[in-house]
Structures are given as C-alpha cells and as structure tokens.
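[1] 3D, please:
(one chain, ligands or ions: 2)
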Amino acid sequence: MANSQPPKTLEMIERYKIKTLPPDFYYIPDFISKEEEESILQKIPAQRWITLSHRRLQAHPSTLTKNNTLLASPLPQWLIKPVVERFETLGLFNDTPHKAPNHVLINEYKSGEGIMPHEDGGAYAHVVATVSLGASICLDITAKPDPHPEEQGVETPTESASQYTVPTRILQEPRSLLITIGPAYENLLHGIASVQVDENLNVQTVANWELLSDPTVFEKAGGRNERATRVSLTYRDVLKVSSAASKVLGGLGRR
Ligand SMILES: O=C(O)CCC(=O)C(=O)O
Ligand SMILES: [Fe+2]
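    Numbers count the residues shown, from 1 in each chain. Ligands and ions are numbered 1, 2, ... in the order given. Prediction:
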C-alpha cells in the first residue's frame with residue numbers, strides 16, 4: 001500500500017470524458033444519491049438568494065470583492081459533505097492553487113430561465129465542477145467569436161483538429177457532475193437557453209448522450225426535456241484569497 005501511488009485524476013475519470021468535445025469535459029452521472037440531493041436542496045438558505053431578471057443565485061462563503069478576491073472563510077458543511085469529499089477521492093482539485101474548491105455559486109433556473117453564453121474568466125483556477133439538482137437542463141457549448149477574423153485561413157493546430165463537434169449541448173441530469181478543465185474552460189463559451197423545453201435530444205445532438213444515466217427518459221418523451229426547476233452548485237478555486245487579518249492590516253497600511 002505504502003508504495004502504490006494513488007491513480008492520477010484524469011486516469012480515474014477517463015471513462016467519463018466527453019470525447020467529441022475539445023479537452024476537457026467529463027460528465028459523471030449519479031455522482032450523488034437522491035437522498036443526498038434532497039438533503040442539499042433543503043439546506044440551501046432561503047434568505048440568501050439574489051434575484052436577477054432570468055434566474056436567482058447565491059454565493060458561498062460570500063460574493064467576491066470587486067477585484068475578484070475571496071474573503072477567506074470555510075464553506076458550510078452541507079456543501080462539503082459528501083461532494084467535496086468525493087472530489088478529494090478523485091483528486092479533482094489537486095493541481096489548483098489551494099488544492100480544493102473555496103467557492104460555490106448556486107444558480108436556480110425555473111422553467112423558461114437561462115444564462116447568456118459566457119466564459120467564467122480570470123478569477124478562478126481552470127477546474128470547474130458543477131453538480132446538478134432537481135431537474136435536467138441543456139448546457140449549450142459554443143466557440144468564442146474569432147478575435148482575428150482577417151486571419152481566416154491561417155489555421156492553428158487546435159482549429160484544424162476538427163474531430164470535435166462544436167457548437168453542441170451537454171445534457172445535465174439531476175445528481176450528475178460536470179467537470180470542465182483547461183482549454184475547454186479558456187476557449188469555449190457556455191450558456192443555457194431560456195426555453196421551457198429542450199428539444200431534439202438524441203445521440204447526434206447531445207455530446208454526452210452515451211454517458212447519460214438514463215437516455216430512455218428522453219427517448220420516451222420524443223427527444224424532449226420539459227424544463228422544471230433546476231439548481232446547480234458550481235465549485236471553483238478562487239485564485240485571490242485575503243484573510244480577514246491581512247485585510248485589516250492592509251486597511252491600516254493605506255492610512
Ligand atoms: O448552472 C450552470 O450549470 C452554469 C452556471 C454558470 O455558468 C456560472 O455560474 O458561471
Ligand atoms: Fe459559467
């Protein structure tokens with residue numbers, strides 16, 4: 001035992017890789033049980049929601065400051081057990097600066113709600129782990145608009161690697177985990193359409209079809225997913241963390 005190395009993260013999750021997408025997306029169905037899902041949903045504090053026009057959200061332990069700094073504070077236990085413990089088993093955050101997620105964004109989408117295509121930007125390490133709760137939803141994956149359209153025809157190695165299918169969709173079932181790492185984080189946009197039904201779901205149009213827990217649910221419904229309220233927990237490692245003590249000292253230092 002003492003001599004055996006723990007398996008490397010990517011080897012452990014290799015069978016969950018979404019192969020038709022640029023590296024790396026991994027989809028793990030049934031990452032948590034129904035009981036665990038129910039327990040987490042019940043613990044989300046009702047008074048912490050911030051309501052936006054097309055969804056509501058809350059951040060734990062807190063919202064980042066204007067310069068993308070996290071005020072150091074532990075995550076609540078109900079966000080750690082069992083989810084972060086399972087991340088540790090997989091070694092998911094072994095290569096990020098704090099070697100663990102220190103921030104969770106909770107988004108809630110009612111039927112018909114979504115989020116514009118976007119990238120998550122520079123505040124976080126490039127490992128994002130999203131747990132889905134309550135209902136299924138499609139995440140749209142699109143390429144970033146080309147910043148140098150005048151250079152068309154000069155293909156970079158990644159652009160010419162056309163074994164990948166983008167744009168596409170990732171169908172996130174309740175209790176699943178979606179992991180986004182590295183180039184996939186940097187080079188693609190993700191968003192959720194504001195629709196009441198995801199349509200035309202099949203092996204050709206859904207990148208993770210073969211990894212789904214139960215594709216027959218969607219087959220029986222004629223390739224449709226009637227949206228219901230879906231909650232996501234997005235675990236990240238915020239790069240800049242300030243302790244309360246250094247904040248006080250910094251404040252004094254500026255006087
Ligand atoms: O709810 C999701 O799965 C996506 C959330 C998201 O993209 C974000 O909060 O940046
Ligand atoms: Fe995002």
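[2] per-residue pLDDT, whichever residue of the stretch 1-150 of the chain sits closest to ligand 1?
    Proximity to ligand 1, evaluated over the stretch 1-150 of the chain using CB to the nearest ligand atom, is greatest for residue 107 at 4.3 Å. For glycine as for every other residue, the C-beta is placed from the backbone atoms N, C-alpha and C. At residue 107 the predicted local distance difference test score is 98.
[3] And whichever strand or helix holds it, what does it pack against?
    Using DSSP states H and E, residue 107 sits in strand 103-109. Contacts of strand 103-109 with other secondary structure elements, assessed using 3 or more CB pairs under 8 Å, 6 or more residues apart in numbering; DSSP states H and E, are made with strand 56-60, strand 230-236.
[4] Reformat these as CSV; add distance to residue 97 and mean pLDDT.
    Rendered in CSV, the data for these read as follows (distance: least, CB to CB, whole Å; pLDDT from 0 to 100):
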stretch, distance to residue 97, mean pLDDT
strand 56-60, 19, 98
strand 230-236, 11, 98
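[5] Nearest to residue 183 among the ones you listed would be which one?
    Distances from residue 183 to each of those were compared by CB to CB, and the smallest falls on strand 230-236, at 17.0 Å.
[6] Strand partners (parallel or antiparallel) of that closest one?
    strand 103-109 (antiparallel), strand 127-133 (antiparallel) (DSSP bridges).
[7] would you turn those into a markdown table with distance to residue 208?
    Converted to a markdown table, the strands paired with strand 230-236 look like this (distance: least, CB to CB, whole Å):
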| stretch | distance to residue 208 |
| --- | --- |
| strand 103-109 | 19 |
| strand 127-133 | 12 |
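[8] Tell me which of those strands sits most buried.
    Ranked by average neighbour count under the criterion mean count of other CB atoms under 10 Å, the strands paired with strand 230-236 are headed by strand 127-133 at a mean of 23.
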